[in-house]
Structures are given as structure tokens and as C-alpha cells.
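Engineer: the sequence and its predicted three-dimensional model are supplied below.
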Amino acid sequence: MSNEPDEPRSEWDPLGWELEASAGQSDNLPVPRSAEVVAWAPPDERPHPSRNPAVTMLVASVLLAVFGLVGIGIGVGSVFFNRDAPPPEVVVVSGPQVVSASTGQSPTLPAPPVGPPAVQAAPDGPNELAASVDPVVEVARAVAPSVVLIEAIFNGEDAETLESDPPESTPRGDLPPEVESEEPPGEGPDGLEGRPRIIGQGSGIIYDASGHILTNAHVVGEAEAVRVQLADGTRASGVVVGTAPAIDVALVKVETDVALTPAVFADRSTIEVGQLAVAVGSPFGLQQSVTSGIVSAVGRAIREGAGDSAFVEMIQTDAPINPGNSGGALANRFGQVIGMNTLIQTDGSIGNIGLGFAIPSDIALNIALRILSGMSTELGFLGVLGTDPEMGHPGALIIEVSEGTPADRAGLMAGDLIVLIDDEVVSTFTELAAKVQFRAPGTEVDLEVVRDDEHITLTVIIGSLSVE
């Protein structure tokens, strides 16, 4: 078969590549059939060749790339043209309101302003910058007027004895030279005879408007007289009303014409781990020092006090507390006193490492009420030996019951697991000891006990160690 150049090409050979038998082609190959053309297309309507898939994919890729470049260009252009636009408005939420410590009524302080700081004109002075107030600042303003510096003193002959042979327990060596007392000989401040000799120094919390002040028993020690410096710098003399050394709580009273601001207290049931904790006191004699942190734990049963010391369920905080903070306030974000700073745990140094402990307010107030009422501040007594269970449910596992003790009379037995005392959860034996010792002798309590996998309730009348 042959194709002449001027003959039309067949539909099955659009490119004109018809095969011709080569000279050396085998004669055995089949001869292609001849095709008869039945219809011719007009000269100006040539058939469209089929599209190559590779070309289609190339075109699609180019289009996608073009659209992507256009999108990027729009984004870059919007950033460039809006670079001078004002920033979005930022709304600053005000801090919590603080309960002011005042007698009878507890009005709230005005909330800090909302929004960016504004410049306001002072009535009779230059412009002042009024900015939103930090919550710790509000707490300090509310609590500081109720926190005082306390110095336990001896006078007259006792002072001469102490000056010639100061006791080892005198904490004056812990105070910086600039806060040492420099009163001249003769009549001391507030009409005290002789030169006051400071044998103990710490902080205190104003209990009521009549001049009663809460502090730690180890702050006043064996002293009978104290000197108190109020938040405004006013000094007043006072006396020790009573102490509970085993729980480390004391109550003193000052006489002054200055109006006192009693603290507002909050019960420990309101305390939550992680909440704001603000410590106010006089570390190393530096009055009205404020530090802040959080409540790290509650209900830490720690042995406290002197002599027959008791376990006390304390508040743990990382707010920096140092020597001299003892007896000062630990407050919540509302300016309410939740505890009285008492002790710190150290690594051998005298500095703070973030482990401070405060006696809860309700425990300190309970002891103060006992002192004012003339009640005994003796520790409660149960009469058992115990430990923590190694496995199973938490509680106080009784190992031994002493004969003739309140526990024996109530029917407690070795092997009993005490899990509740007056509906308060008991997780460890030291927690049981703290809860029992805090209760006054003669108090009736209900103990929930697990015995032979059964829960029973026993009623116990708390005894006194000195009587049993």
C-alpha cells in the first residue's frame, strides 16, 4: 500500500505515519486490509486530534501554582497595608475585692479600675498615675493595720541580770544591728522603769478593739510584760494575759488611746490548696513586711509547742516566712486572716526554703477564747497507741488501749481503725492525735470505727493527761 502526498490521510493515521513494508520485510506478515473511505470531511472541518494526558496534567499544575501564588500575595499585601492600623483593644480584668478589717462591719474596698492606666489630676498636686491595683496590694492594705510588732521584755533587776549574763535563748543575735533597741538608761518608754531588755521578738494579730492581741507562746516566752508597736508606729506597753505553750498560742493586752483595727478571721473550712496566701509580719524586726505565695497544703499534723507539745493541724505555705514572722498573719485574697504564722522547716540554715506553717485561725481563736474565759488550755487525752495502716483504707490503727483511759471506757480495742471523729476524716494516727489534743478535756466526741469489716460508732469523753 502506498500513500501519495496529495491524497487525504485516513482517520486511523492522523499523523500520516502509515507503515510501508520495508525491503527486507518478511513475506509472512499479514497484508493490511484496505479501507474504503465512505465520507469525506469538508476541507475546513478537520477532525480534532485526541488530547495527550501528560499535557492536561501539566496545564492543571500550572493553574494551581498560579492560584497559590495569588493567595500568598494577598496575605502579604494585607499585612503590609495594615501595619499602621491600631492594635486590638485589650480588656484588663480587675482583681478580687478585699474585705476590709474593721469593727462590726466589713465593707468591701472599691474594685480596681478596668482598662489601661489613666492619668488623673490630683486635687492639689501634680498628676498621678492611677493604675489597677494588684490583689496582694489590696490584701496588704486590709491586713497590715491589724498586724503589730511584739517585743517581750524584762525590766529593772531582771534587766541588769540579763545584761550581765544573757540567756542562750535570747533571739537578739538574730536581729540586724539597725533594729537593736537604743533606749537610754533610766525611765524607758511608756513609763517602764529601767532600760527594757528584749528577750523575744515577733509579730501579733489584733484580736479585738479592747487591746487583746494574738501571738505565739514562743514569742513571749516566760515574759510577763511586752512592748507593742502598731502599724502607724505608735508604741504601747502591755502584759501577757495567758499562754498555751503546748499549742504555741498566747494572748497579750495593750493599753492605748489609739483606735485599734481588729483582724477579720476566716475558718479553715474555707481554705483550698493553691489559693493565694499573703504573710504580714516583722521578720528580723522589719515591721510590716509583706510576702506572698500560695497555700501548699492543709491539715499538716505537725508537733508544735513546748513541754508536752501537741500535734497541730497546720496550714502549709510557700509564702516566705522568717524569724520574727511568728505570730503574724497569713491572709487570703479577701484580706481575711486564715492562720497565724508559726514555724518554718529549714535545711540547716535559718533562711526560708518555701516550707512555712501557720496555726489555723479557728484553732488560735479557740485557745484565745479559753484563755479569756478562764478555761483550761490542757491537751485532750484518749489513751491509745497506734500507727498508720500499711495497706487498705486510711485511718488511725489502734495497737494498744491503756486500761482505765477514756478509750478503754468507750470500748475501743486493739485492731480498731478510727476513720472519723465528729464527722471529720481521720487519715493518719497523727491526725487523730491532733484532733483529740485540740479538744478540751470533758468534750464528748463520736468516733467511727472499722472493726471486723463493720462500721460502728463509739462515744468518747475526752480526758486530761494530768488527771488520767
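Structural biologist: Here it is on my side, so go on. Numbers count the residues shown, from 1 in each chain.
Engineer: tally of neighbours for the residue nearest to residue 425 when sequence neighbours are not counted?
Structural biologist: Nearest residue to residue 425 in three dimensions, chain neighbours excluded: residue 419, at 7.2 Å (C-beta to C-beta, 6 or more residues apart in numbering). For the C-beta atoms, the positions are set from N, CA and C on the backbone; glycine is no exception. Number of residues near residue 419 (other C-beta atoms under 10 Å) recorded here: 18.
Engineer: hmm, who's touching the helix or strand hosting residue 419?
Structural biologist: Using DSSP states H and E, residue 419 sits in strand 417-421. If you take C-beta atoms under 8 Å, 6 or more residues apart in numbering as the criterion, strand 417-421 is touched by 389, 393-398, 412, 425-426, 432, 435-436, 445-451, 455.
Engineer: can you do 7 Å?
Structural biologist: With contact meaning C-beta atoms under 7 Å, 6 or more residues apart in numbering, strand 417-421 is reached by 389, 393, 395-398, 426, 432, 435, 445, 447-450.
Engineer: please apply the same query to stretch 277-297.
Structural biologist: 136, 139-140, 143-144, 147, 149, 174-176, 179, 201, 203, 229, 231, 271-276, 315-325, 328-331, 341.
Engineer: now restrict these to buried residues only.
Structural biologist: Burial by neighbour count, 16 or more other C-beta atoms under 10 Å: within these this picks out 136, 139-140, 143-144, 147, 149, 175, 179, 201, 203, 229, 231, 271, 276, 315-325, 328-331, 341.
Engineer: strands - which of those residues land there?
Structural biologist: 147, 149, 201, 203, 229, 276, 315-317, 329-331, 341 (DSSP state E).
Engineer: export those residues to JSON lines and tack on distance to residue 353 and pLDDT?
Structural biologist: Converted to JSON lines, these look like this (distance: C-beta to C-beta, whole Å; pLDDT from 0 to 100):
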{"residue": "147", "distance to residue 353": "23", "pLDDT": "96"}
{"residue": "149", "distance to residue 353": "24", "pLDDT": "95"}
{"residue": "201", "distance to residue 353": "22", "pLDDT": "90"}
{"residue": "203", "distance to residue 353": "20", "pLDDT": "95"}
{"residue": "229", "distance to residue 353": "29", "pLDDT": "93"}
{"residue": "276", "distance to residue 353": "20", "pLDDT": "95"}
{"residue": "315", "distance to residue 353": "17", "pLDDT": "95"}
{"residue": "316", "distance to residue 353": "12", "pLDDT": "95"}
{"residue": "317", "distance to residue 353": "12", "pLDDT": "95"}
{"residue": "329", "distance to residue 353": "21", "pLDDT": "96"}
{"residue": "330", "distance to residue 353": "17", "pLDDT": "96"}
{"residue": "331", "distance to residue 353": "22", "pLDDT": "96"}
{"residue": "341", "distance to residue 353": "15", "pLDDT": "95"}
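Engineer: over to residue 313. Which of the three states is it?
Structural biologist: Following DSSP: H, G, I helix; E, B strand; the rest coil, residue 313 is assigned to strand.
Engineer: err, residue 362, not the other one
Structural biologist: helix.
Engineer: burial count for it?
Structural biologist: 16.
Engineer: contacts only, for it.
Structural biologist: Applying C-beta under 7 Å, 6+ apart, one finds that residue 362 lies in contact with 267-268.
Engineer: picking that back up, pull out the buried positions in the strand holding residue 419.
Structural biologist: Quick answer for strand 417-421 (16+ other C-beta under 10 Å): 417-421.
Engineer: who are the neighbours in contact with residue 236?
Structural biologist: So residue 236 contacts 190, 228, 254-256 (C-beta under 7 Å, 6+ apart).
Engineer: give me the beta-bridge partners of it?
Structural biologist: Using DSSP bridges, the bridge partners assigned to residue 236 are residue 228.
Engineer: do you know the pLDDT at it?
Structural biologist: What the model reports for residue 236 is a pLDDT of 93.
Engineer: residue 425 now?
Structural biologist: So residue 425 comes in at 93 (pLDDT).
Engineer: which residues in the stretch 151-300 of the chain form helices?
Structural biologist: Counting by DSSP state H, counting those that start in this stretch, the stretch 151-300 of the chain has helices at residues 157-164, 217-220.
Engineer: least reliable of the ones you listed by average pLDDT, please.
Structural biologist: Checking each of the helices of the stretch 151-300 of the chain, the one with the poorest mean pLDDT is helix 157-164, at a mean of 37.
Engineer: count of neighbours near residue 342?
Structural biologist: 31.
Engineer: contacts only, for it.
Structural biologist: Taking C-beta under 7 Å, 6+ apart as the criterion, residue 342 is in contact with 216, 248, 304, 326, 357-359.
Engineer: try it again at 10 Å.
Structural biologist: 202, 215-219, 247-249, 302, 304-305, 312, 314-315, 321, 325-328, 330, 356-359, 364 (C-beta atoms under 10 Å, 6 or more residues apart in numbering).
Engineer: what do you get for residue 216?
Structural biologist: 150, 200, 202-204, 243, 245, 247-250, 304-305, 325-328, 340-343, 359, 364.
Engineer: swap in 7 Å and give it another go.
Structural biologist: 202, 248-250, 326-327, 340, 342.
Engineer: other SSEs contacting the helix of greatest length in the chain?
Structural biologist: In the chain, taking DSSP state H as the definition, the longest helix is helix 53-81. On a contact count with 3 or more C-beta pairs under 7 Å, 6 or more residues apart in numbering; DSSP states H and E, helix 53-81 meets no helix or strand.
Engineer: what's the model's confidence in it, averaged?
Structural biologist: Across helix 53-81, the per-residue pLDDT values average to 74.
Engineer: how about stretch 247-255: buried residues?
Structural biologist: 247-254.
Engineer: what do you get for stretch 385-392?
Structural biologist: Quick answer for stretch 385-392 (16+ other C-beta under 10 Å): residue 386.
Engineer: could you give the mean pLDDT of that stretch?
Structural biologist: For stretch 385-392, mean pLDDT rounds to 90.
Engineer: got the end-to-end distance for it?
Structural biologist: Its start and end residues considered, stretch 385-392 measures 19 Å (C-alpha to C-alpha, to the nearest Å).
Engineer: all strands of the stretch 251-400 of the chain, in order?
Structural biologist: 276-281, 289-304, 310-317, 329-331, 337-344, 356-360, 380-381, 384-387, 396-401 (DSSP state E, counting those that start in this stretch).
Engineer: which helix or strand lies directly C-terminal to the last one?
Structural biologist: Beyond strand 396-401 on the C-terminal side, the first helix or strand identified by DSSP H and E is helix 406-410.
Engineer: what's that next one in contact with?
Structural biologist: Against helix 406-410 from outside (C-beta under 7 Å, 6+ apart): 381-384, 401-402, 458-463.
Engineer: please point out which parts of that helix sit buried.
Structural biologist: In helix 406-410, counting by 16+ other C-beta under 10 Å, buried: 406-408, 410.
Engineer: from memory residue 219 sits against residue 152, does it?
Structural biologist: Yes. Using C-beta atoms under 7 Å, residue 219 is in contact with residue 152, at 6.5 Å.
Engineer: which neighbours do those two have in common?
Structural biologist: residue 200.
Engineer: how about low-confidence regions in the chain?
Structural biologist: Counting by pLDDT under 70, the chain contains low-confidence ranges at 1-52, 75-132, 155-196, 305-308, 347, 349-351, 466-468.
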